[in-house]
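Colleague: got a predicted structure here, sequence first:
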Amino acid sequence: MAPTDQRTDDREAAFYAIVDSDGRIEPRDDMPEAYRRSLVRQIAQHAHSEIIGMQPEGNWISRAPSLRRKAILLAKVQDEAGHGLYLYAAAETLGVSRDELLELLHTRKQKYSSIFNYPTLTWADVGAIGWLVDGAAITNQVPLTRCSYGPYARAMVRICKEESFHQRQGFESLLTLTRGTPAQKAMAQDALDRWWYPSLAMFGPPDTGEQVSGGHTEQSMRWGIKRFSNDELRQRFVDMTVPQSEVLGLTVPDPDLRWNDERGHYDFTQPDYDELFRVIKGDGPCNEQRLRHRVAAQEDGAWVREAAAAYASKRKQAAA
Amino acid sequence: MSEWPLWEVFIRARRGLSHQHVGSLHAPDAAMAVRNARDVYTRRGEGVSIWVVPSGQITASSPDEKDAFFDPAADKVYRHPTFYEVPAEAKHL
């Protein structure tokens, strides 16, 4: 064996020794190129989801029904911006630049969560997003606080702490509606009807049984990035959420939903994965609008960034 | 596009504790870096003091030499108090 191969083997062995003993890989450690690329893709997609996710809720800031709800919503949308920032910073430790990642988002070469391509038609949708979408995100993200890449895991710890405020405020908002007038309760039910299946689809396509080797799951598990399959996490979310819907007095739009004593889980209808893939490919109700808005925000903010940079360089010259 | 420089952010959670690294951000200058750090990392009372340091100014030990660099401490067990056996009746040692 050539000396270089030997060295590569030793480096790989060192990498897997850390991963297999549940240790953390840090930015300057040796890592397989495929691991690095896979992390960049996943963290960037996650960061993009956070900042695109500001739009459906931002839509309601100016129309929140009370000052209390408006202040809460502002804080939540600001959190999403912060989450995006933690994640972009984590991705940058892998040797990519922020500008590069935004460019990949704007040119549709990197994706964001398909859920944000659905519109927020009523005020109840804001509550439903907090309860269901953030609830699904938490289910996905809690295991990521123990993922093998240190900066990503640390970002997820901060994010998960803040997400629990998001989920609770959403639940409380829906609870207020379901205890209100019949029209308000109907609005809450309508929001659940529209957000239930897209929320289930957030966990991605099935990846157990025959589909086990289809997507990224198997490799991500080997690398300690992913700890549970999409199907396990989806089941966990359903088991957690159905009893909450009973507290709200709302009906999950699934006639086949029932507790399975033998499995110790709810049986439920799978979301329409063809729809998921269509929305991911760009054919959702709001894909165009979300990206157009993002690019416009970036372009409209250019003068602020330029002015701040000019001011900083002027001060530097004055000090020199 | 030219990006703003990268800053590392350190936060003192409360008086009596040292500053700890919490993450990084981009900002055009130090004053803006402190302001951005406040908005990004202390939205819920996580700190009473912020340091920002240009990332490029940090010199780090090399992970490649990790073993050789830290090995000298490994065989000096006599640096730890538990290395020494003393009679039980000798108190406060």
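Modeller: Yep, it's here.
Colleague: touching chain A at all, the longest helix anywhere in chain B?
Modeller: Secondary structure assigned by DSSP state H gives helix B:30-41 as the longest helix of chain B. Yes: contact of helix B:30-41 with chain A (Cβ under 8 Å from any Cβ of the partner chain) involves B:32, B:39, B:40. Placement of C-beta: from N, CA and C, glycine included.
Colleague: which SSE is immediately downstream of that helix?
Modeller: Downstream of helix B:30-41, the first helix or strand assigned by DSSP states H and E is strand B:49-54.
Colleague: can you name every helix or strand that that following strand contacts?
Modeller: Under the contact criterion of 3 or more Cβ pairs under 8 Å, 6 or more residues apart in numbering or on different chains; DSSP states H and E, strand B:49-54 touches strand B:6-12, helix B:30-41.
Colleague: pick the most deeply packed of these.
Modeller: strand B:6-12 (a mean of 20; mean count of other Cβ atoms under 10 Å in any protein chain shown).
Colleague: is that strand up against chain A anywhere?
Modeller: Yes: using Cβ under 8 Å from any Cβ, strand B:6-12 reaches chain A at residue B:6.
Colleague: contacts for the helix or strand following that strand?
Modeller: Proceeding N to C from strand B:6-12, the next assigned helix or strand is strand B:20-26, under DSSP H and E. With Cβ atoms under 8 Å, 6 or more residues apart in numbering or on different chains as the test, strand B:20-26 has contacts from A:85-86, A:89, A:92, A:98, A:154-155, B:3-13, B:33, B:36-37, B:40-41, B:46, B:55.
Colleague: just to revisit the earlier point, relative to chain A, which of the residues of helix B:30-41 next to chain A is nearest.
Modeller: Taking Cβ to the nearest Cβ as the measure, chain A sits nearest to residue B:40 out of the residues of helix B:30-41 next to chain A, at 5.3 Å.
Colleague: and that closest one, how far is that from residue A:27?
Modeller: Using Cβ to Cβ, to the nearest Å, residue B:40 is found at 19 Å from residue A:27.
Colleague: likewise residue A:304?
Modeller: Taking Cβ to Cβ as the measure, residue A:304 falls 30 Å from residue A:27.
Colleague: neighbour count winner among these two?
Modeller: The residue with more neighbours, out of residue A:304 and residue A:27, is residue A:27; 15 against 9, by other Cβ atoms under 10 Å in any protein chain shown.
Colleague: show me the contacts for the more buried one.
Modeller: By Cβ under 8 Å, 6+ apart, the contact list for residue A:27 reads A:93, A:94, A:150, A:151.
Colleague: mind checking the SS state of it?
Modeller: Under DSSP: H, G, I helix; E, B strand; the rest coil, residue A:27 falls in the coil class.
Colleague: pLDDT wise, what is it at?
Modeller: At residue A:27, the pLDDT value in this model is 91.
Colleague: mind checking the backbone torsions on it?
Modeller: Taking degrees, to the nearest 10, you get phi -50, psi -40 for the backbone angles of residue A:27.
Colleague: how about residue A:137?
Modeller: The phi/psi pair for residue A:137 (degrees, to the nearest 10) is phi -60, psi -40.
Colleague: chain B contacts on the stretch 151-300 of chain A?
Modeller: Residues of the stretch 151-300 of chain A lying near chain B (Cβ under 8 Å from any Cβ): A:154, A:155, A:162.
Colleague: for the second one, which non-adjacent residue is spatially closest?
Modeller: In space, residue A:155 comes closest to residue A:86 once its chain neighbours are excluded; the distance is 4.1 Å by Cβ to Cβ, 6 or more residues apart in numbering or on different chains.
Colleague: test my guess that the one you found contacts residue A:158.
Modeller: Yes: look at residue A:86 against residue A:158 with Cβ atoms under 8 Å: they come within range, at 5.8 Å.
Colleague: more crowded one of those two?
Modeller: Higher neighbour count among residue A:86 and residue A:158: residue A:86, with 28 against 18, using other Cβ under 10 Å.
Colleague: quick one, helices of chain A?
Modeller: Using DSSP H, helices in chain A cover A:3-20, A:33-52, A:54-58, A:67-92, A:98-106, A:123-128, A:134-141, A:150-178, A:182-201, A:217-222, A:230-248, A:273-278, A:287-300, A:302-319.
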